[in-house]
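*Asks:* Just to be clear, the model below is a prediction. Sequence and coordinates:
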Amino acid sequence: MNITLSITKTIYELLLGFMPEGYEGVANISSMVVIALIYLAIFAIAGLYLVLLERKVAAWFQLRIGPNRVGWWGLLQTMADALKLVSKELTGTVKADKFLYNLAPYFVIVSALLALAVFPFTQEFQAFDINIGILFLIAISSIGVIGILVGGWSSNNKFALIGAMRSGVQTISYELSVGLSLLTMILITGSLQLSEIVEVQKEGWLIVQGHIPAVIAFMIYMIAGTAETNRAPFDLVEAESELGAGFHTEYSGMKFAYFFLAEFINMFIIAAIAATVFFGAWLEPAWLTPLGIAEAFPAIGVVWFLGKTLLIVFLMMWFRWTFPRLRIDQLLTLEWKYLLPLNLINLVLMALIVWLNLTIQF
């Protein structure tokens, strides 16, 4: 039995206990609905408070105060913003393709939600432990760009269309580096399954086991992952000084909120992948293992996972408030002339390390 599916099994058995015999199918469907609601709650809370974190980090970098009026320390500010967006009128252009215009935000939001299901928050808290977990994440994250392309095209706005076209070329380019940097680490684990990748790291995080190529892979992954999420300095998809708001220029109210929320959830997803593949997900550092903290407090795994993920999110926010926006030609030159060749060389180096059995063992 796969231990990482215990949350699914626990909820299923709990619901089955309240139902008569012969209702196993109903209990199974009900458990899926409950798990979906749990992940929807995680999705909503994470999205709202990542927005608040972004604003606080921006204020810190720019020596400002940031949100501090609504609730203690401004903690309810994004809740107020969400209520404001819900109450706003849903406007659109007369010449927009109504069906595709309304469909586009759901591509973005659903792809982000699906990706959350495979992350191992702890050894027990993982809804869907598929044996091609990394491949699943790369595939699902690629669906979001369809929503951006559809939204930009269906808006019938030249700025939105330019932003959508930039998103397509940027995503296609930088997905190569994201995939190759993750493949570099998969050479050590020999598995695409996230639970097995974490299991390998009980003897030490992969960023340590993999020597210098692992550090290079992490650096490339962070650059490419930031570009994948369309965040500064790679935010040419929106580029306020050039395109107004880019692909979502014609969106308002909750449809705009879906795009806005998905950007922050995608940032969380990129950071969570890095935390899982490079830093052991919910595992504590190897030098803390003899203390037995994880055995005494099993739930502390969630704290480790979220702590690592939020540190990487902070790093991505640091990028935004430090570096100026690249031009489109600079963005593509960085990927095709520098990151991709470096990634291929790094992949060969890691293959040699694994072949010669030189990974660090603790």
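*Replies:* Nice, thanks for sending it over.
*Asks:* From now on I want contacts and neighbour counts done on CA atoms only, so please keep to that.
*Replies:* OK.
*Asks:* host element of the spatially most central residue of the chain?
*Replies:* In the chain, the C-alpha nearest the mean C-alpha coordinate belongs to Ile269, at 1.3 Å (CA atoms, centre = their mean). Taking DSSP states H and E as the definition, Ile269 sits inside helix 253-279.
*Asks:* which other helices and strands contact that helix?
*Replies:* Packing partners of helix 253-279 (3 or more CA pairs under 8 Å, 6 or more residues apart in numbering; DSSP states H and E): helix 24-61, helix 77-87, helix 98-116, helix 158-189, helix 194-200, helix 206-209, helix 211-228, helix 300-320.
*Asks:* Give me the distance from the third one to the chain's centre.
*Replies:* Averaging C-alpha positions (CA atoms, centre = their mean, to the nearest Å) puts helix 98-116 15 Å from its chain's average.
*Asks:* same thing with stretch 197-211?
*Replies:* 21 Å.
*Asks:* now swap in stretch 259-266 and tell me
*Replies:* Worked out by CA atoms, centre = their mean, stretch 259-266 lies 9 Å from the chain centre.
*Asks:* I'd say Leu176 and Leu340 touch.
*Replies:* Yes: using CA atoms under 8 Å, Leu176 makes contact with Leu340 at a distance of 7.3 Å.
*Asks:* if you count what's nearby, which of these two comes out ahead?
*Replies:* Set side by side, Leu176 and Leu340 show more neighbours around Leu340, with 20 against 16, by other CA atoms under 10 Å.
*Asks:* Local confidence estimate at the residue nearest to the more buried one when sequence neighbours are not counted?
*Replies:* Spatially, and ignoring its direct neighbours in sequence, Leu340 is nearest to Ser177 (6.0 Å; CA to CA, 6 or more residues apart in numbering). In this model, Ser177 is scored at 95, pLDDT.
*Asks:* what does Ile269 give?
*Replies:* At Ile269, pLDDT is 94.
*Asks:* next one: Val208
*Replies:* Reported pLDDT for Val208: 90.
*Asks:* Make sure it is actually in contact with Ile216.
*Replies:* No: here Val208 does not reach Ile216: they are 11.6 Å apart, not a contact under CA under 8 Å.
*Asks:* just for this structure, where's the confidence low?
*Replies:* Applying pLDDT under 70 to the chain picks out residues 1-6, 294, 296, 359-362.
*Asks:* Surely the residue nearest to the centre of the chain touches Ala117?
*Replies:* No: using CA under 8 Å, Ile269 is not in contact with Ala117, being 10.5 Å away.
*Asks:* any idea how far Arg231 is from Phe323?
*Replies:* 11 Å (CA to CA, to the nearest Å).
*Asks:* just Ile45 next, same as before
*Replies:* For Ile45, the distance to Arg231 - CA to CA - is 21 Å.
*Asks:* Against Ala271, how distant is Val86?
*Replies:* Using CA to CA, Val86 is found at 28 Å from Ala271.
*Asks:* Neighbours of Arg64, how many?
*Replies:* 12.
*Asks:* actually Ser31, not the one I typed
*Replies:* The burial count for Ser31: 22, using other CA under 10 Å.
*Asks:* for the one 10 residues further on, same thing?
*Replies:* The number of residues packed near Ala41 is 12, by other CA under 10 Å.
*Asks:* before we move on, the earlier item: quick one, the helix holding Ile269 and helix 211-228 angle?
*Replies:* Computed by axes from the mean of the first three to the mean of the last three CA atoms, to 10 degrees, the angle separating helix 253-279 from helix 211-228 equals 180 degrees.
*Asks:* buried set for helix 253-279?
*Replies:* Across helix 253-279, burial judged by 16 or more other CA atoms under 10 Å covers 253-279.
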